[in-house]
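[1] okay, structure incoming, though there's no sequence with it:
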(Lines give C-alpha, C1' and ligand atoms only; values in the text may rest on other atoms or scores of the structure.)
Protein backbone atom coordinates (compact mmCIF):
# COMPACT_ATOMS: atom_id res chain seq x y z
CA UNK A 1 0.00 0.00 0.00
CA UNK A 2 1.40 3.42 -0.91
CA UNK A 3 0.86 6.56 1.16
CA UNK A 4 0.88 10.17 -0.03
CA UNK A 5 3.54 12.45 1.38
CA UNK A 6 1.46 14.63 3.67
CA UNK A 7 4.43 16.16 5.50
CA UNK A 8 4.64 19.04 3.04
CA UNK A 9 1.19 20.31 4.03
CA UNK A 10 1.41 23.49 6.11
CA UNK A 11 -0.20 23.31 9.53
CA UNK A 12 -0.98 27.02 9.48
CA UNK A 13 -2.25 28.85 6.44
CA UNK A 14 -1.20 32.41 7.22
CA UNK A 15 -0.64 34.17 3.93
CA UNK A 16 -2.84 31.76 2.00
CA UNK A 17 -4.20 33.40 -1.15
CA UNK A 18 -7.15 32.00 -2.98
CA UNK A 19 -7.15 32.47 -6.72
CA UNK A 20 -10.92 32.40 -6.84
CA UNK A 21 -13.58 33.34 -4.34
CA UNK A 22 -15.53 30.18 -3.59
CA UNK A 23 -18.45 31.66 -1.66
CA UNK A 24 -21.03 34.40 -1.62
CA UNK A 25 -23.05 35.99 1.16
CA UNK A 26 -26.72 35.08 0.97
CA UNK A 27 -29.67 36.00 3.18
CA UNK A 28 -33.03 34.54 4.08
CA UNK A 29 -35.59 34.95 6.83
CA UNK A 30 -34.75 31.70 8.60
CA UNK A 31 -31.00 32.13 9.25
CA UNK A 32 -30.29 35.69 8.10
CA UNK A 33 -26.98 36.26 6.32
CA UNK A 34 -24.99 33.12 5.63
CA UNK A 35 -22.21 31.73 3.42
CA UNK A 36 -23.07 29.80 0.25
CA UNK A 37 -20.65 27.83 -1.94
CA UNK A 38 -20.42 29.14 -5.53
CA UNK A 39 -18.85 26.03 -7.10
CA UNK A 40 -18.33 22.37 -6.27
CA UNK A 41 -15.41 21.89 -3.89
CA UNK A 42 -13.67 18.80 -2.54
CA UNK A 43 -13.09 17.59 1.01
CA UNK A 44 -10.48 19.69 2.80
CA UNK A 45 -10.56 22.50 0.25
CA UNK A 46 -10.34 25.99 1.75
CA UNK A 47 -13.55 28.00 1.44
CA UNK A 48 -12.10 31.17 2.98
CA UNK A 49 -9.66 32.54 5.49
CA UNK A 50 -10.68 35.41 7.75
CA UNK A 51 -8.79 37.63 10.18
CA UNK A 52 -10.42 39.06 13.31
CA UNK A 53 -11.92 42.53 13.29
CA UNK A 54 -11.31 42.84 17.01
CA UNK A 55 -9.92 40.64 19.80
CA UNK A 56 -10.32 41.03 23.54
CA UNK A 57 -10.18 39.05 26.79
CA UNK A 58 -12.92 36.52 27.37
CA UNK A 59 -15.49 37.74 29.86
CA UNK A 60 -15.01 34.56 31.93
CA UNK A 61 -11.21 34.65 31.76
CA UNK A 62 -8.94 34.32 34.75
CA UNK A 63 -6.79 37.43 35.31
CA UNK A 64 -4.59 37.97 32.25
CA UNK A 65 -2.42 40.64 30.71
CA UNK A 66 -4.78 42.27 28.22
CA UNK A 67 -2.00 42.70 25.68
CA UNK A 68 -0.26 39.30 25.45
CA UNK A 69 -2.81 37.32 27.53
CA UNK A 70 -0.27 35.80 29.91
CA UNK A 71 -1.83 34.75 33.18
CA UNK A 72 -1.15 37.33 35.91
CA UNK A 73 -1.45 37.26 39.69
CA UNK A 74 -3.40 40.27 40.91
CA UNK A 75 -2.03 39.78 44.44
CA UNK A 76 1.58 40.26 43.28
CA UNK A 77 2.35 43.74 42.03
CA UNK A 78 5.82 44.80 41.01
CA UNK A 79 7.14 48.32 40.51
CA UNK A 80 8.18 49.50 37.06
CA UNK A 81 11.95 49.90 36.87
CA UNK A 82 13.80 52.36 34.69
CA UNK A 83 15.55 49.53 32.89
CA UNK A 84 12.34 47.55 32.21
CA UNK A 85 12.69 46.18 28.71
CA UNK A 86 10.57 44.02 26.45
CA UNK A 87 10.80 40.36 27.32
CA UNK A 88 12.66 38.04 24.94
CA UNK A 89 10.60 36.57 22.12
CA UNK A 90 8.87 33.28 22.80
CA UNK A 91 10.29 30.26 21.02
CA UNK A 92 8.77 26.86 20.41
CA UNK A 93 10.82 25.43 23.26
CA UNK A 94 9.52 28.02 25.75
CA UNK A 95 6.25 27.88 27.64
CA UNK A 96 4.96 31.42 27.64
CA UNK A 97 2.55 30.81 30.49
CA UNK A 98 4.33 28.88 33.22
CA UNK A 99 2.31 30.00 36.22
CA UNK A 100 0.85 33.40 36.98
CA UNK A 101 3.14 36.39 36.53
CA UNK A 102 3.29 39.42 38.83
CA UNK A 103 1.73 42.48 37.24
CA UNK A 104 2.53 46.12 36.80
CA UNK A 105 -0.02 48.93 36.53
CA UNK A 106 -0.05 50.73 33.19
CA UNK A 107 1.55 54.14 33.86
CA UNK A 108 -1.33 55.92 32.09
CA UNK A 109 -4.57 54.07 32.92
CA UNK A 110 -3.45 51.78 35.77
CA UNK A 111 -4.76 48.66 34.05
CA UNK A 112 -2.98 45.45 35.11
CA UNK A 113 -0.51 44.17 32.49
CA UNK A 114 2.53 41.93 32.71
CA UNK A 115 5.22 44.35 31.49
CA UNK A 116 5.95 47.87 30.33
CA UNK A 117 6.20 46.56 26.77
CA UNK A 118 2.59 45.34 27.00
CA UNK A 119 1.49 48.63 28.57
CA UNK A 120 2.93 50.42 25.52
CA UNK A 121 1.57 47.94 22.96
CA UNK A 122 -0.88 48.80 20.19
CA UNK A 123 -3.18 46.08 21.50
CA UNK A 124 -3.70 47.97 24.78
CA UNK A 125 -3.99 51.40 23.12
CA UNK A 126 -7.80 51.68 22.66
CA UNK A 127 -8.87 51.23 26.28
CA UNK A 128 -5.78 53.05 27.55
CA UNK A 129 -6.60 56.03 25.32
CA UNK A 130 -10.19 56.31 26.53
CA UNK A 131 -9.36 55.79 30.21
CA UNK A 132 -6.45 58.25 30.16
CA UNK A 133 -8.21 61.03 28.23
CA UNK A 134 -11.34 60.76 30.39
CA UNK A 135 -9.30 60.97 33.58
CA UNK A 136 -10.71 57.64 34.72
CA UNK A 137 -8.32 55.28 36.46
CA UNK A 138 -8.96 51.70 37.47
CA UNK A 139 -7.94 49.66 40.48
CA UNK A 140 -5.73 46.90 38.99
CA UNK A 141 -7.13 44.35 41.44
CA UNK A 142 -10.63 44.92 40.01
CA UNK A 143 -9.75 44.70 36.32
CA UNK A 144 -10.62 41.03 35.82
CA UNK A 145 -14.28 41.85 36.47
CA UNK A 146 -14.22 44.46 33.68
CA UNK A 147 -13.11 42.36 30.70
CA UNK A 148 -16.45 42.96 28.97
CA UNK A 149 -15.61 46.66 28.91
CA UNK A 150 -12.20 46.12 27.27
CA UNK A 151 -13.50 44.33 24.18
CA UNK A 152 -16.36 46.83 23.75
CA UNK A 153 -13.93 49.76 23.96
CA UNK A 154 -11.74 48.11 21.32
CA UNK A 155 -14.79 47.82 19.07
CA UNK A 156 -15.75 51.46 19.60
CA UNK A 157 -12.17 52.55 18.88
CA UNK A 158 -12.61 51.25 15.33
CA UNK A 159 -15.13 53.99 14.54
CA UNK A 160 -12.48 56.71 14.43
CA UNK A 161 -9.38 54.68 13.56
CA UNK A 162 -10.54 51.92 11.20
CA UNK A 163 -13.77 52.86 9.35
CA UNK A 164 -13.64 49.66 7.28
CA UNK A 165 -13.41 47.47 10.36
CA UNK A 166 -16.17 49.49 12.03
CA UNK A 167 -18.42 48.98 9.01
CA UNK A 168 -17.68 45.24 9.01
CA UNK A 169 -18.55 45.08 12.70
CA UNK A 170 -21.86 46.91 12.29
CA UNK A 171 -22.68 44.69 9.31
CA UNK A 172 -22.94 41.69 11.65
CA UNK A 173 -26.33 40.68 12.98
CA UNK A 174 -27.40 41.74 16.45
CA UNK A 175 -30.77 40.20 17.19
CA UNK A 176 -32.60 40.78 20.45
CA UNK A 177 -30.88 39.55 23.63
CA UNK A 178 -32.35 37.50 26.43
CA UNK A 179 -32.76 39.04 29.87
CA UNK A 180 -29.32 38.15 31.23
CA UNK A 181 -27.47 39.34 28.12
CA UNK A 182 -29.52 42.54 28.01
CA UNK A 183 -28.73 43.19 31.67
CA UNK A 184 -25.02 42.71 31.07
CA UNK A 185 -25.13 45.01 28.04
CA UNK A 186 -26.85 47.69 30.10
CA UNK A 187 -24.15 47.47 32.80
CA UNK A 188 -21.36 47.79 30.22
CA UNK A 189 -23.11 50.78 28.63
CA UNK A 190 -23.46 52.41 32.05
CA UNK A 191 -19.77 51.89 32.81
CA UNK A 192 -18.54 53.22 29.48
CA UNK A 193 -20.90 56.19 29.22
CA UNK A 194 -21.01 56.94 32.94
CA UNK A 195 -17.89 55.96 34.89
CA UNK A 196 -15.51 56.27 31.93
CA UNK A 197 -17.31 59.48 30.86
CA UNK A 198 -17.72 58.67 27.18
CA UNK A 199 -21.42 59.51 26.82
CA UNK A 200 -20.52 62.56 24.76
CA UNK A 201 -18.49 60.32 22.42
CA UNK A 202 -20.66 57.23 22.19
CA UNK A 203 -24.37 56.96 22.92
CA UNK A 204 -25.62 54.25 25.26
CA UNK A 205 -27.60 52.85 22.34
CA UNK A 206 -24.39 52.45 20.32
CA UNK A 207 -22.57 50.77 23.22
CA UNK A 208 -25.52 48.45 23.75
CA UNK A 209 -25.56 47.60 20.02
CA UNK A 210 -21.86 46.66 20.15
CA UNK A 211 -22.53 44.46 23.20
CA UNK A 212 -25.31 42.70 21.30
CA UNK A 213 -23.04 42.14 18.27
CA UNK A 214 -20.35 40.64 20.52
CA UNK A 215 -22.82 38.39 22.32
CA UNK A 216 -24.20 36.95 19.09
CA UNK A 217 -21.06 36.80 16.95
CA UNK A 218 -17.91 36.38 19.01
CA UNK A 219 -15.85 33.18 18.93
CA UNK A 220 -13.85 31.90 21.87
CA UNK A 221 -10.26 31.42 20.66
CA UNK A 222 -7.43 29.71 22.53
CA UNK A 223 -4.34 31.94 22.65
CA UNK A 224 -1.18 30.05 21.58
CA UNK A 225 1.36 29.35 24.33
CA UNK A 226 -0.95 30.61 27.09
CA UNK A 227 -3.72 29.16 29.21
CA UNK A 228 -6.04 31.96 28.14
CA UNK A 229 -8.93 32.22 25.73
CA UNK A 230 -10.07 35.41 24.07
CA UNK A 231 -13.24 36.51 22.32
CA UNK A 232 -12.78 37.48 18.70
CA UNK A 233 -15.15 38.79 16.03
CA UNK A 234 -14.74 38.06 12.30
CA UNK A 235 -16.39 39.73 9.33
CA UNK A 236 -17.01 36.60 7.23
CA UNK A 237 -16.64 33.66 9.62
CA UNK A 238 -19.33 35.09 11.90
CA UNK A 239 -21.83 34.70 9.04
CA UNK A 240 -21.36 30.94 8.78
CA UNK A 241 -24.58 29.35 9.97
CA UNK A 242 -24.99 26.78 12.72
CA UNK A 243 -25.93 23.14 12.19
CA UNK A 244 -25.65 20.37 14.78
CA UNK A 245 -24.27 18.17 11.97
CA UNK A 246 -21.94 20.64 10.21
CA UNK A 247 -20.36 20.45 6.76
CA UNK A 248 -17.52 22.88 7.48
CA UNK A 249 -14.25 22.33 9.34
CA UNK A 250 -12.89 25.37 11.17
CA UNK A 251 -9.38 25.88 12.50
CA UNK A 252 -7.88 28.84 14.37
CA UNK A 253 -4.35 29.67 13.23
CA UNK A 254 -1.53 31.01 15.38
CA UNK A 255 -2.26 34.58 14.25
CA UNK A 256 -5.91 34.04 15.34
CA UNK A 257 -7.14 33.96 11.76
CA UNK A 258 -9.79 31.39 10.89
CA UNK A 259 -9.52 28.93 8.03
CA UNK A 260 -12.77 27.36 6.87
CA UNK A 261 -12.58 24.12 4.89
CA UNK A 262 -15.13 21.71 3.51
CA UNK A 263 -15.45 18.78 5.93
CA UNK A 264 -16.57 16.72 2.94
CA UNK A 265 -17.27 17.46 -0.71
CA UNK A 266 -19.76 20.33 -1.15
CA UNK A 267 -21.83 21.30 -4.16
CA UNK A 268 -22.58 24.71 -5.60
CA UNK A 269 -25.41 26.29 -3.61
CA UNK A 270 -24.67 24.45 -0.36
CA UNK A 271 -24.67 26.67 2.74
CA UNK A 272 -21.48 26.31 4.81
CA UNK A 273 -22.17 25.36 8.42
CA UNK A 274 -20.30 24.81 11.67
CA UNK A 275 -21.56 23.91 15.11
CA UNK A 276 -21.72 26.68 17.71
CA UNK A 277 -21.98 24.18 20.54
CA UNK A 278 -20.58 20.82 21.66
CA UNK A 279 -21.38 18.04 19.21
CA UNK A 280 -21.53 15.41 21.96
CA UNK A 281 -24.12 17.20 24.09
CA UNK A 282 -27.77 16.19 24.31
CA UNK A 283 -30.36 18.00 22.21
CA UNK A 284 -31.67 19.78 25.29
CA UNK A 285 -28.20 20.95 26.37
CA UNK A 286 -27.26 22.13 22.87
CA UNK A 287 -30.46 24.09 22.37
CA UNK A 288 -30.26 25.64 25.85
CA UNK A 289 -26.67 26.72 25.23
CA UNK A 290 -27.58 28.25 21.87
CA UNK A 291 -30.47 30.19 23.37
CA UNK A 292 -28.21 31.55 26.09
CA UNK A 293 -25.12 32.28 24.00
CA UNK A 294 -26.55 33.06 20.55
CA UNK A 295 -30.21 33.85 21.32
CA UNK A 296 -31.82 31.36 18.93
CA UNK A 297 -33.45 27.95 19.17
CA UNK A 298 -31.93 25.38 16.83
CA UNK A 299 -34.43 23.51 14.63
CA UNK A 300 -31.89 21.59 12.53
CA UNK A 301 -32.52 18.04 11.32
CA UNK A 302 -30.57 16.51 14.21
CA UNK A 303 -32.54 18.45 16.82
CA UNK A 304 -35.82 17.36 15.18
CA UNK A 305 -34.78 13.68 15.18
CA UNK A 306 -35.48 11.85 18.48
CA UNK A 307 -32.62 9.43 17.72
CA UNK A 308 -30.20 12.22 16.68
CA UNK A 309 -29.20 10.46 13.48
CA UNK A 310 -29.24 7.04 15.17
CA UNK A 311 -26.72 8.07 17.85
CA UNK A 312 -29.16 8.21 20.79
CA UNK A 313 -27.10 10.81 22.65
CA UNK A 314 -30.17 11.90 24.63
CA UNK A 315 -31.82 8.49 25.15
CA UNK A 316 -32.68 7.24 28.66
CA UNK A 317 -33.19 3.66 29.80
CA UNK A 318 -36.83 2.59 30.01
CA UNK A 319 -37.92 1.63 33.53
CA UNK A 320 -40.17 -1.17 32.23
CA UNK A 321 -38.28 -2.88 29.39
CA UNK A 322 -34.75 -3.15 27.92
CA UNK A 323 -35.35 -0.31 25.44
CA UNK A 324 -35.05 3.46 25.81
CA UNK A 325 -37.13 6.58 26.32
CA UNK A 326 -36.95 9.17 23.53
CA UNK A 327 -38.64 12.59 23.31
CA UNK A 328 -41.82 12.49 21.25
CA UNK A 329 -41.42 16.14 20.24
CA UNK A 330 -37.69 16.96 20.56
CA UNK A 331 -38.18 20.66 19.78
CA UNK A 332 -40.50 21.01 22.79
CA UNK A 333 -38.32 21.04 25.89
CA UNK A 334 -41.36 20.28 28.04
CA UNK A 335 -42.72 17.58 25.73
CA UNK A 336 -43.34 13.97 26.79
CA UNK A 337 -40.85 11.11 26.51
CA UNK A 338 -41.93 7.62 25.52
CA UNK A 339 -40.25 4.23 25.20
CA UNK A 340 -39.60 3.33 21.58
CA UNK A 341 -40.47 -0.34 22.19
CA UNK A 342 -43.12 -0.73 24.91
CA UNK A 343 -44.57 2.74 24.26
CA UNK A 344 -44.82 3.52 27.98
CA UNK A 345 -44.33 7.19 28.91
CA UNK A 346 -41.43 8.30 31.05
CA UNK A 347 -42.34 9.84 34.43
CA UNK A 348 -42.88 13.62 34.18
CA UNK A 349 -39.59 15.49 34.57
CA UNK A 350 -37.56 12.27 34.39
CA UNK A 351 -35.18 13.52 31.68
CA UNK A 352 -34.42 16.76 33.57
CA UNK A 353 -33.86 14.87 36.83
CA UNK A 354 -31.53 12.34 35.18
CA UNK A 355 -29.59 15.11 33.44
CA UNK A 356 -29.12 17.07 36.65
CA UNK A 357 -28.09 14.12 38.83
CA UNK A 358 -25.66 12.58 36.35
CA UNK A 359 -24.08 15.95 35.54
CA UNK A 360 -23.47 16.51 39.26
CA UNK A 361 -21.86 13.07 39.54
CA UNK A 362 -19.51 13.80 36.61
CA UNK A 363 -18.55 17.18 38.08
CA UNK A 364 -17.60 15.47 41.34
CA UNK A 365 -15.60 12.79 39.50
CA UNK A 366 -13.67 15.41 37.55
CA UNK A 367 -12.99 17.39 40.71
CA UNK A 368 -11.55 14.29 42.40
CA UNK A 369 -9.56 13.32 39.28
CA UNK A 370 -10.66 10.77 36.72
CA UNK A 371 -9.09 7.33 36.93
CA UNK A 372 -9.66 4.10 35.05
CA UNK A 373 -11.44 2.64 38.06
CA UNK A 374 -13.68 5.70 38.54
CA UNK A 375 -14.63 5.78 34.85
CA UNK A 376 -15.42 2.07 34.74
CA UNK A 377 -17.54 2.31 37.89
CA UNK A 378 -19.46 5.26 36.47
CA UNK A 379 -20.18 3.40 33.24
CA UNK A 380 -21.29 0.26 35.07
CA UNK A 381 -23.65 2.16 37.37
CA UNK A 382 -25.15 4.57 34.84
CA UNK A 383 -25.73 2.08 32.06
CA UNK A 384 -28.84 1.22 34.10
CA UNK A 385 -30.29 4.66 33.38
CA UNK A 386 -28.58 5.96 30.23
CA UNK A 387 -28.14 4.74 26.67
CA UNK A 388 -24.53 3.59 26.05
CA UNK A 389 -24.19 6.54 23.65
CA UNK A 390 -25.86 9.10 25.92
CA UNK A 391 -23.86 12.34 26.07
CA UNK A 392 -22.80 11.75 29.69
CA UNK A 393 -21.70 8.20 28.92
CA UNK A 394 -19.70 9.48 25.94
CA UNK A 395 -18.10 12.11 28.14
CA UNK A 396 -16.70 9.49 30.51
CA UNK A 397 -15.95 7.03 27.72
CA UNK A 398 -13.80 9.61 25.92
CA UNK A 399 -11.90 10.26 29.15
CA UNK A 400 -11.38 6.52 29.61
CA UNK A 401 -10.20 6.15 26.01
CA UNK A 402 -7.48 8.71 26.67
CA UNK A 403 -6.54 7.50 30.15
CA UNK A 404 -5.96 3.91 29.01
CA UNK A 405 -2.42 3.84 27.65
CA UNK A 406 -1.54 7.41 28.68
CA UNK A 407 -1.43 7.45 32.47
CA UNK A 408 0.87 6.24 35.22
CA UNK A 409 0.64 2.49 35.53
CA UNK A 410 -1.63 2.39 32.48
CA UNK A 411 0.87 2.81 29.62
CA UNK A 412 0.15 0.88 26.43
CA UNK A 413 2.63 -1.91 27.19
CA UNK A 414 1.03 -2.41 30.62
CA UNK A 415 -2.55 -2.81 29.37
CA UNK A 416 -4.11 -6.24 29.69
CA UNK A 417 -5.76 -7.89 26.72
CA UNK A 418 -9.14 -7.03 28.25
CA UNK A 419 -8.13 -3.36 28.54
CA UNK A 420 -6.94 -3.36 24.93
CA UNK A 421 -10.35 -4.74 23.96
CA UNK A 422 -11.99 -1.94 25.94
CA UNK A 423 -9.83 0.72 24.33
CA UNK A 424 -10.49 -0.67 20.86
CA UNK A 425 -14.25 -0.74 21.49
CA UNK A 426 -14.20 2.84 22.80
CA UNK A 427 -12.25 4.10 19.77
CA UNK A 428 -14.68 2.39 17.41
CA UNK A 429 -17.61 3.89 19.32
CA UNK A 430 -16.33 7.41 18.70
CA UNK A 431 -15.51 6.65 15.08
CA UNK A 432 -19.11 5.51 14.63
CA UNK A 433 -20.46 8.62 16.39
CA UNK A 434 -18.17 10.87 14.32
CA UNK A 435 -19.36 9.29 11.07
CA UNK A 436 -22.93 10.26 11.96
CA UNK A 437 -22.48 13.65 13.62
CA UNK A 438 -19.22 14.95 12.12
CA UNK A 439 -19.03 13.38 8.66
CA UNK A 440 -15.81 13.88 6.71
CA UNK A 441 -12.73 15.32 8.40
CA UNK A 442 -13.07 15.96 12.11
CA UNK A 443 -10.89 16.19 15.17
CA UNK A 444 -12.98 13.54 16.93
CA UNK A 445 -12.40 11.09 14.09
CA UNK A 446 -8.66 11.89 13.92
CA UNK A 447 -7.98 11.53 17.63
CA UNK A 448 -10.07 8.36 17.91
CA UNK A 449 -8.29 6.84 14.92
CA UNK A 450 -4.93 7.51 16.58
CA UNK A 451 -6.03 5.70 19.75
CA UNK A 452 -7.27 2.80 17.63
CA UNK A 453 -3.94 2.64 15.79
CA UNK A 454 -1.77 2.47 18.90
CA UNK A 455 -4.09 -0.22 20.27
CA UNK A 456 -3.63 -2.24 17.09
CA UNK A 457 0.13 -1.74 17.27
CA UNK A 458 0.24 -2.94 20.86
CA UNK A 459 -1.58 -6.13 19.89
CA UNK A 460 1.10 -6.75 17.25
CA UNK A 461 3.93 -6.07 19.72
CA UNK A 462 2.34 -8.45 22.22
CA UNK A 463 2.23 -11.15 19.54
CA UNK A 464 5.90 -10.60 18.72
CA UNK A 465 6.90 -10.80 22.36
CA UNK A 466 5.06 -14.11 22.60
CA UNK A 467 6.98 -15.49 19.59
CA UNK A 468 4.01 -15.58 17.25
CA UNK A 469 3.83 -18.66 15.04
CA UNK A 470 3.11 -16.68 11.88
CA UNK A 471 5.12 -13.50 11.39
CA UNK A 472 2.92 -12.65 8.42
CA UNK A 473 -0.05 -12.28 10.77
CA UNK A 474 1.96 -9.84 12.87
CA UNK A 475 3.01 -7.88 9.79
CA UNK A 476 -0.63 -7.78 8.72
CA UNK A 477 -1.61 -6.32 12.09
CA UNK A 478 1.12 -3.67 11.83
CA UNK A 479 -0.12 -2.83 8.32
CA UNK A 480 -3.62 -2.35 9.71
CA UNK A 481 -2.19 0.01 12.34
CA UNK A 482 -0.33 1.85 9.57
CA UNK A 483 -3.55 2.33 7.62
CA UNK A 484 -5.25 3.64 10.77
CA UNK A 485 -2.38 6.08 11.34
CA UNK A 486 -2.75 7.37 7.79
CA UNK A 487 -6.46 7.94 8.29
CA UNK A 488 -5.65 9.80 11.50
CA UNK A 489 -3.22 12.03 9.59
CA UNK A 490 -5.77 12.58 6.83
CA UNK A 491 -8.17 14.02 9.42
CA UNK A 492 -5.66 16.04 11.46
CA UNK A 493 -3.39 17.29 8.67
CA UNK A 494 -5.05 20.71 8.69
CA UNK A 495 -4.70 21.31 12.44
CA UNK A 496 -2.28 24.15 13.35
CA UNK A 497 0.90 23.07 15.11
CA UNK A 498 0.11 25.12 18.23
CA UNK A 499 -3.08 23.14 18.86
CA UNK A 500 -3.12 19.75 20.63
CA UNK A 501 -4.50 18.03 17.53
CA UNK A 502 -1.71 19.53 15.42
CA UNK A 503 0.86 18.15 17.86
CA UNK A 504 -0.87 14.75 17.70
CA UNK A 505 -0.73 14.84 13.90
CA UNK A 506 3.04 15.36 13.99
CA UNK A 507 3.35 12.47 16.42
CA UNK A 508 1.27 10.29 14.10
CA UNK A 509 3.57 11.16 11.19
CA UNK A 510 6.63 10.12 13.23
CA UNK A 511 4.86 6.93 14.29
CA UNK A 512 4.03 6.24 10.65
CA UNK A 513 7.65 6.45 9.57
CA UNK A 514 8.77 4.25 12.48
CA UNK A 515 6.11 1.70 11.61
CA UNK A 516 7.07 1.63 7.93
CA UNK A 517 10.68 0.90 8.91
CA UNK A 518 9.61 -1.77 11.41
CA UNK A 519 7.43 -3.54 8.83
CA UNK A 520 10.33 -3.51 6.35
CA UNK A 521 12.63 -4.95 9.00
CA UNK A 522 10.14 -7.67 9.88
CA UNK A 523 9.73 -8.60 6.24
CA UNK A 524 13.48 -8.92 5.87
CA UNK A 525 13.82 -11.29 8.84
CA UNK A 526 10.60 -13.30 8.61
CA UNK A 527 11.54 -14.83 11.98
CA UNK A 528 9.03 -15.20 14.81
CA UNK A 529 11.71 -14.56 17.44
CA UNK A 530 12.60 -11.19 15.94
CA UNK A 531 13.76 -8.72 18.62
CA UNK A 532 11.36 -5.79 18.43
CA UNK A 533 13.73 -3.61 20.45
CA UNK A 534 16.71 -4.13 18.15
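    Cool, the structure landed. Quick caveat, the model's predicted, so the values are computed rather than measured.
[2] with adjacent residues omitted, what lies nearest to residue 401?
    residue 426 (4.2 Å; Cβ to Cβ, 6 or more residues apart in numbering). For every residue, glycine as well, the C-beta is placed using N, CA and C.
[3] who are the packing partners of the helix or strand containing that neighbour?
    Residue 426 belongs to helix 417-437 when assigned by DSSP states H and E. Where contact means 3 or more Cβ pairs under 8 Å, 6 or more residues apart in numbering; DSSP states H and E, helix 417-437 is packed against helix 391-403, helix 443-465.
[4] how about it: buried residues?
    419-420, 422-424, 426-427, 429-431, 433-434, 436-437 (16 or more other Cβ atoms under 10 Å).
[5] just how off-centre is stretch 505-521 within its chain?
    28 Å (Cα atoms, centre = their mean, to the nearest Å).
[6] quick one: which of the buried residues of helix 417-437 is nearest residue 109?
    Nearest to residue 109 among the buried residues of helix 417-437: residue 437, at 46.4 Å, using Cβ to Cβ.
[7] and that closest one, what does it touch?
    244, 245, 279, 280, 302, 308, 309, 311 (Cβ atoms under 8 Å, 6 or more residues apart in numbering).
[8] how about those residues in a markdown table, adding pLDDT, secondary structure and distance to residue 265?
    Shown next, in a markdown table, are the contacts of residue 437 (pLDDT from 0 to 100; DSSP: H, G, I helix; E, B strand; the rest coil; distance: Cβ to Cβ, whole Å):
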| residue | pLDDT | secondary structure | distance to residue 265 |
| --- | --- | --- | --- |
| 244 | 97 | coil | 20 |
| 245 | 98 | coil | 15 |
| 279 | 97 | coil | 20 |
| 280 | 97 | coil | 25 |
| 302 | 97 | helix | 20 |
| 308 | 97 | coil | 24 |
| 309 | 97 | coil | 19 |
| 311 | 98 | coil | 23 |
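[9] generate a PyMOL selection restricted to the buried entries among the residues you listed.
    The PyMOL command for the buried members of those (criterion: 16+ other Cβ under 10 Å) is given here:
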select buried, resi 244+245+279+280+302+308+309+311
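[10] and of the contacts of residue 437, the nearest to residue 347?
    Among these, and counting by Cβ to Cβ, the member closest to residue 347 is residue 308, at 21.9 Å.
[11] so which elements touch the helix or strand containing residue 325?
    Taking DSSP H and E as the definition, residue 325 sits inside strand 324-327. If you count contacts as 3+ Cβ pairs under 8 Å, 6+ apart, strand 324-327 packs onto strand 316-317, strand 337-339, helix 350-368.
[12] and the helix or strand of the chain with the lowest mean pLDDT, what does it pack against?
    Here the helix or strand of the chain ranked lowest by mean pLDDT, DSSP states H and E is helix 179-190, holding a mean of 82. Contact here means 3+ Cβ pairs under 8 Å, 6+ apart; on that basis helix 179-190 packs against helix 147-161, helix 204-217.
[13] okay, now the closest residue to residue 346 other than its chain neighbours: neighbour count?
    What sits nearest to residue 346 in space, not counting adjacent residues and going by Cβ to Cβ, 6+ apart, is residue 337, at 3.9 Å. Taking other Cβ atoms under 10 Å as the criterion, the count of residues near residue 337 is 24.
[14] then residue 465?
    12.
[15] repeat that for the one 10 residues further on.
    The burial count assigned to residue 475 is 18, neighbours taken as other Cβ under 10 Å.
[16] and the helix or strand containing it, what's its mean pLDDT?
    Residue 475 belongs to helix 471-492 when assigned by DSSP H and E. Helix 471-492 shows a mean pLDDT of 96.
[17] how about that helix: buried residues?
    471, 474-475, 477-482, 484-492.
[18] stretch 346-356 now?
    For stretch 346-356, by 16+ other Cβ under 10 Å, it's 346, 351, 354, 355.
[19] mind listing what's buried in stretch 369-385?
    Residues 370, 371, 372, 374, 375, 378, 379, 382, 385 are the ones in stretch 369-385 that count as buried (16+ other Cβ under 10 Å).
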